[in-house]
Structure formats: C-alpha cells, structure tokens
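**Q** curious how this folds, go ahead:
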Amino acid sequence: MWQKIKDFFQKRRETKQQASLEKGMLVFSHTGEVIRAERFLRKHGFVVAVKGPPPDLRTGCDMIVLFPLMQQAGVLHCLRQGGLEPLQVVTAHDVLLEAVSLFHTQDFGQWLMVRAANMKITVEKESRRIVNISGGGCPDVPYLAAKLTGRVLDEAPEPCTLGQTLCCYSLQLAFEEIRRQLQCGI
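**A** As a prediction, this is how the structure comes out:
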C-alpha cells in the first residue's frame with residue numbers, strides 16, 4: 001500500500017514538472033504591457049495567466065504572461081497584430097524555474113486576506129463583507145477603498161470597473177481570488 005502512495009505522488013510530481021515544461025513565458029518591460037497582452041490574448045481565445053517571474057527573468061516589471069507553449073506562434077502573431085512585442089519569450093525549461101503565484105493568502109480566523117502584487121483585500125468570512133482594502137502606491141487606492149469597504153463581496157462593484165491603474169488591476173486579481181477561495185470554503 002505504501003508503495004502505491006509513493007508511486008502516486010511520484011507520478012503527480014512528474015506530471016507537474018512536464019506541465020511546467022509545456023508553458024511559455026512572455027516577458028515585458030512594463031506592467032501596463034502585461035495587462036494589455038493578457039486582455040488582448042484572452043479576447044482572442046488564448047488561455048493565459050499572469051504570474052510573477054522567476055528571478056532570472058525580472059526586468060523591473062513584476063509580472064509575466066504564461067501561455068501554452070504549443071500555441072507560441074499564434075500567441076506571438078496575435079500580439080503583433082495588437083502592436084505588442086515582448087522583450088523575451090522563454091520556456092519554463094529554459095530558466096529551469098516556475099513562475100510564481102501573485103497571490104498570498106492569510107487566514108486570520110474570522111477574516112481572510114488575499115494579496116495580489118501589492119494590493120490587499122480583507123473580507124469577514126461569515127458575512128463576506130469587505131473590511132479593508134490596502135497597499136499599492138497609486139493615487140486611486142483611497143478611492144477604491146472608499147467604494148469597496150463595507151460592501152458585501154458579491155454585491156460590490158468589480159475593481160476593474162472603478163479604474164485603470166496597476167493597483168486597480170492587482171486589486172481585481174485579489175478580488176477574484178478571494179471570491180474563488182470563499183466559494184471553495186477555504
């Protein structure tokens with residue numbers, strides 16, 4: 001029985017390693033380009049994710065776009081059509097590192113906090129009421145906090161409808177992640 005368990009976890013590790021080798025990473029010089037590339041690619045049907053770059057790929061922009069490597073030609077063609085050109089396109093195999101999650105979760109018992117990049121959202125778990133918005137350095141953070149704090153998560157406006165800054169984008173990611181975690185009962 002122990003051998004079956006050991007084999008299961010070994011197979012799972014190998015599957016994860018293989019999946020990471022099948023991903024490509026788009027490196028841009030500015031966060032705004034990452035946001036535009038993600039939106040443009042999703043709009044054209046590509047399944048992409050924004051992640052933190054491995055240390056070898058940090059350029060001052062703290063995000064990369066992860067995409068299925070088999071679609072590299074289509075992804076690059078689509079980006080060119082949208083006037084976007086990445087600084088670099090690499091595979092997870094090239095850097096031998098995985099992209100890192102932008103999310104960090106802290107469970108405070110009664111409250112759950114999710115941080116995406118430098119923006120944080122804290123929700124009271126039982127009522128799903130937003131109790132705090134903080135972080136970032138953009139001038140619209142106080143506005144975002146005023147519009148969202150005190151609102152029930154499911155009735156609050158999506159942050160991306162309130163602004164277009166990097167902080168607003170990061171808060172949107174945190175907003176979606178905390179909603180997902182609360183739906184899963186985390």
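**Q** tell me the centre residue of the protein?
**A** Val50 (4.5 Å; CA atoms, centre = their mean).
**Q** helices and strands around whatever helix or strand that residue lives in, which ones?
**A** Element membership for Val50, per DSSP states H and E: strand 49-51. Other helices and strands packing on strand 49-51, by 3 or more CB pairs under 8 Å, 6 or more residues apart in numbering; DSSP states H and E, are helix 31-43, strand 64-68. All C-beta spots, glycine's among them, are computed from the backbone N, C-alpha and C.
**Q** same list (these) but as TSV, adding distance to Thr105.
**A** Below are those laid out as TSV (distance: least, CB to CB, whole Å):
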stretch	distance to Thr105
helix 31-43	22
strand 64-68	20
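**Q** just the ones you listed: most buried one?
**A** Highest mean neighbour count of those: strand 64-68, a mean of 23 (counted as mean count of other CB atoms under 10 Å).
**Q** now for it, which elements pack on it?
**A** Right, strand 64-68 is packed against strand 23-27, helix 31-43, strand 49-51 by 3+ CB pairs under 8 Å, 6+ apart.
**Q** columns distance to Glu124 and mean pLDDT on top of these, output as TSV?
**A** Conversion of the helices and strands packed on strand 64-68 to TSV gives the following (distance: least, CB to CB, whole Å; pLDDT from 0 to 100):
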stretch	distance to Glu124	mean pLDDT
strand 23-27	36	90
helix 31-43	30	90
strand 49-51	28	87
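**Q** from memory Val131 sits against Leu112, does it?
**A** No - with contacts defined as CB atoms under 8 Å, Val131 does not count as touching Leu112, sitting 10.0 Å away.
**Q** the two: who's more crowded?
**A** Taking other CB atoms under 10 Å, Val131 and Leu112 do not tie; Leu112 has more neighbours (20 against 15).
**Q** quick one: the helices in the chain, in order.
**A** With helices called from DSSP state H, the chain shows them at 2-21, 31-43, 72-81, 92-95, 141-148, 166-183.
**Q** ok and the fifth one relative to helix 166-183, angle-wise?
**A** Put simply, helix 141-148 runs at 30 degrees to helix 166-183, going by axes from the mean of the first three to the mean of the last three CA atoms, to 10 degrees.
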